[in-house]
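Participant: What would the 3D arrangement of this be:
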Amino acid sequence: MTDEEKAGQLTQWTAQQTPTGPRVVQGGEDDIRRGRVGSILGAYGVESTRRLQEVAVEQSRLRVPLLFAFDVIHGFRTVFPLPLAEAAAFDPALAERSARAAAVEAAARGVRAATGG
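Facilitator: From the prediction side, this is the model:
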């Protein structure tokens, strides 16, 4: 692994949100092929993530898979209050239910790693 590839594995891109969903910037697949990207935050959906993953594992020199993550601390499609606001309710079961609902929604859209603050 070259120094550039090592640095690339530590590089996280963000997907751009468009009216039809998230997408990676134009030319991004070339950077993935060259090992300049290790993870992508904000990308979801089977078609788009599979395409990018295929580029990483089939067309790059090292064939290292990408890590896809999405920030679901407030929910995925259903938006919940800030965790601090949920904590102010003094109801841990409420926070657990909203976190579970966000996880189910995100998993249904292909998110396999979710960040939370």
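
Participant: okay, now V55: neighbour count?
Facilitator: Using other C-beta atoms under 10 Å, V55 has 19 neighbouring residues. To be clear about C-beta, it is placed using only N, CA and C from the backbone, and glycine gets the same treatment.

Participant: do T18 as well
Facilitator: T18, neighbours per other C-beta under 10 Å, totals 8.

Participant: gap between D31 and V24?
Facilitator: D31 is 9 Å from V24, where distance means C-beta to C-beta, to the nearest Å.

Participant: Could you pull out the helices in the protein for me?
Facilitator: Along the chain, counting by DSSP state H, helices occupy 3-9, 28-33, 46-58, 83-88, 92-108.

Participant: hang on, the earlier thing: okay, D31 and V24: which has more neighbours?
Facilitator: The neighbour comparison of D31 against V24 (other C-beta under 10 Å) goes to V24, with 22 against 16.

Participant: Look up how far E5 lies from that one.
Facilitator: Taken as C-beta to C-beta, the span from V24 to E5 is 19 Å.

Participant: Please spell out which residue in this structure sits farthest from the middle.
Facilitator: With distances taken as C-alpha atoms, centre = their mean, the residue sitting farthest from the centre of the chain turns out to be F90, at 30.3 Å.

Participant: Would you indicate which residues of the longest strand along the chain are buried?
Facilitator: Scanning the chain for the longest strand, with DSSP state E as the assignment, gives strand 67-71. Residues of strand 67-71 classed as buried: L67, F68, A69, F70 (neighbour count, 16 or more other C-beta atoms under 10 Å).

Participant: Can you tell me the closest non-neighbouring residue to the third one?
Facilitator: With C-beta to C-beta, 6 or more residues apart in numbering as the criterion, A69 has its nearest non-adjacent residue at 4.3 Å, and that residue is A113.

Participant: Please pull out the lowest mean pLDDT helix or strand from the chain.
Facilitator: Across the helices and strands of the chain, mean confidence by mean pLDDT, DSSP states H and E is lowest for strand 114-115: a mean of 64.

Participant: got TSV for the buried residues of strand 67-71, with pLDDT too?
Facilitator: Listed next are those as TSV, based on pLDDT from 0 to 100:
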residue	pLDDT
L67	89
F68	86
A69	85
F70	85
